[in-house]
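Undergrad: using only what follows, build the 3D model:
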Amino acid sequence: MTTVHDQFVGTADETVYGTPVAPANFYEFLTDGISGAYERIEAEGIRGPVLRADRFAPNPKGAAGDFEVEVLDKGFDFWLLHMLGAVSVDGTTQAVTAVPGETHGKSFSYHAARYASGTDSLIPFAYSGGKVTEWELTAEVDGILKAKATCDFATEYIDGKAGSGSAVPEAALAVAAYPSDAQLLTFIGGSVTVGGSGFPVSQISVTGNNGLKVDRYAMRGANSTTKREPKEEAMKEFGFSLTGEFEDTSHSERVASLLATGALATVVLHFDSPQGGTLDISLPAGRFDEGPVNAAREVTTQELTGKALQPVDGTDAIQVVYTPAA
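TA: Numbering: from 1, shown residues only. From the prediction side, this is the model:
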């Protein structure tokens, strides 16, 4: 019998924005929060105290929501392209290096097999024209490295069908196939350095915002309700948060520095799995904006937050290197 434990999520890169593709990558997900947005255009003309049944028009607005997953040492490379925009692969080590890049022309399809209790079956929900608008990587002591992607989509397909009810083969129920022999990236393999020195942390967070304009609708006749591909509008932003014990004043002095250069330091986060998979995040120009020292009847802690800026030499503001386990 099918149960909630049989649900799955899969993705695939699209060749053309908004044209669905059958899933090729599958994940042991935590949160599948993607849902369609359907607005209504209602008349305001006066004719009785209640809106007539023929005085509104459906107005589909694509779909959006959050997807959250525990990061394994295999299979996470798909998300790096859509989180950051540009990737390269080392032909020898298969290490994937991701840096900020152009997101236009890069989209994905998202498939969710969701459990229906009335029939004890999985119902396919598919979404095309996928873009990662924001993302976050988090970890804490005794925990697993987690990734959350806030996504935007052009179209939702319910039970393998488009809004008109026509079947879409690429949106039909798939068969999940997961990476073999994958292991977790946990806090046990995690470490952080700030300015070249180790900083023992209890919690970390790295965030990104791609600055996309997602509401690109226009009067285009029959295509008026078809979303055009989101484009970058605002500057990309990357941030970090590090929580650890207050050991000395070096980090406080960065926050309080009257010189711009004094507020900057390189931040490097590293995770590895028992079988050799690694994920490294480098912020060469981390700007330290806040660093309150929280004193109480316990070991004093300090939470450091700031932005990752682009170095003046033109190198990337953030670099993520993901080396899958062999």
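Undergrad: name the SS class of Thr19, please.
TA: coil (DSSP: H, G, I helix; E, B strand; the rest coil).
Undergrad: what of Val255?
TA: Criterion first, three-state DSSP; result for Val255: helix.
Undergrad: next: the one 10 residues further on.
TA: Under the three-state scheme (three-state DSSP), Ala265 adopts strand.
Undergrad: now it, nearest residue through space, not along the chain?
TA: Gly195 (3.9 Å; CB to CB, 6 or more residues apart in numbering). C-beta coordinates here come from the backbone N, C-alpha and C atoms, glycine included.
Undergrad: any idea how far Ala263 is from the one you found?
TA: Separation of Gly195 from Ala263 (CB to CB, to the nearest Å) stands at 12 Å.
Undergrad: which one of these two has more residues nearby?
TA: Taking neighbours as other CB atoms under 10 Å, Gly195 and Ala263 compare with Ala263 leading, 19 against 15.
Undergrad: distance between the ends of stretch 47-58?
TA: Length of stretch 47-58, first residue to last, CA to CA, to the nearest Å: 20 Å.
Undergrad: which residues sit against that stretch?
TA: 38, 40-43, 45 (CB atoms under 8 Å, 6 or more residues apart in numbering).
Undergrad: give me the contact list for the worst-scoring helix or strand of the chain on mean pLDDT.
TA: Within the chain, judged by mean pLDDT, DSSP states H and E, the helix or strand with the poorest mean is strand 293-296; its value is a mean of 84. Strand 293-296 is contacted from outside by 246, 252, 300-303, using CB under 8 Å, 6+ apart.
Undergrad: hang on, Tyr27 packs against Glu68?
TA: No - look at Tyr27 against Glu68 with CB atoms under 8 Å: they stay out of range, at 9.8 Å.
Undergrad: neighbour count for the two, which is higher?
TA: With neighbours defined as other CB under 10 Å, Tyr27 and Glu68 compare such that Tyr27 has more, 25 against 17.
Undergrad: quick check: mean pLDDT across stretch 259-272?
TA: Here stretch 259-272 scores 97 as its mean pLDDT.
Undergrad: now do the end-to-end distance for stretch 147-158.
TA: One end of stretch 147-158 sits 26 Å from the other (CA to CA).
Undergrad: list the buried ones in that stretch?
TA: The neighbour-count check on stretch 147-158 (16 or more other CB atoms under 10 Å) flags 147-157 as buried.
Undergrad: I'd say Asp73 and Thr186 touch.
TA: No - at 10.4 Å, Asp73 does not count as touching Thr186 under the criterion of CB under 8 Å.
Undergrad: list the contacts for the nearest residue to Val141 once chain neighbours are set aside?
TA: Excluding the flanking residues, the one nearest Val141 by CB to CB, 6+ apart is Ser202, at 4.8 Å. Listed by CB under 8 Å, 6+ apart, the contact partners of Ser202 are 140-141, 243-245, 301.
Undergrad: buried among those residues? Make that a PyMOL selection.
TA: The buried residues among the contacts of Ser202 can be selected in PyMOL (16+ other CB under 10 Å) with this line:
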select buried, resi 140+243+244+301
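Undergrad: now the two most distant members of the contacts of Ser202.
TA: Glu140 and Glu245 (14.2 Å; CB to CB).
Undergrad: so for the residue found closest to Ile144 once you drop the neighbours it is linked to in the chain, what's the pLDDT?
TA: Sequence neighbours aside, Glu70 is the residue nearest to Ile144 in space, at 4.7 Å (criterion: CB to CB, 6+ apart). Per-residue confidence (pLDDT) for Glu70: 98.
Undergrad: please name the bridge partners of Glu70.
TA: In this entry, Glu70 is beta-bridged to Lys146, by DSSP bridges.
Undergrad: that one: what's it in contact with?
TA: 28, 30, 144-146, 184.
Undergrad: how does it look with 7 Å?
TA: Applying CB atoms under 7 Å, 6 or more residues apart in numbering to Glu70 gives the contacts 28, 30, 144, 146, 184.
Undergrad: what of Glu233?
TA: Neighbouring residues of Glu233 by CB under 7 Å, 6+ apart: 211-213.
Undergrad: how close does it sit to Asn59?
TA: Applying CB to CB to Glu233 and Asn59 gives a distance of 22 Å.
Undergrad: again with Pro274
TA: Between Pro274 and Asn59 the computed distance is 51 Å (CB to CB).
Undergrad: check Leu304 too.
TA: Taken as CB to CB, the span from Leu304 to Asn59 is 45 Å.
Undergrad: all set, thanks.
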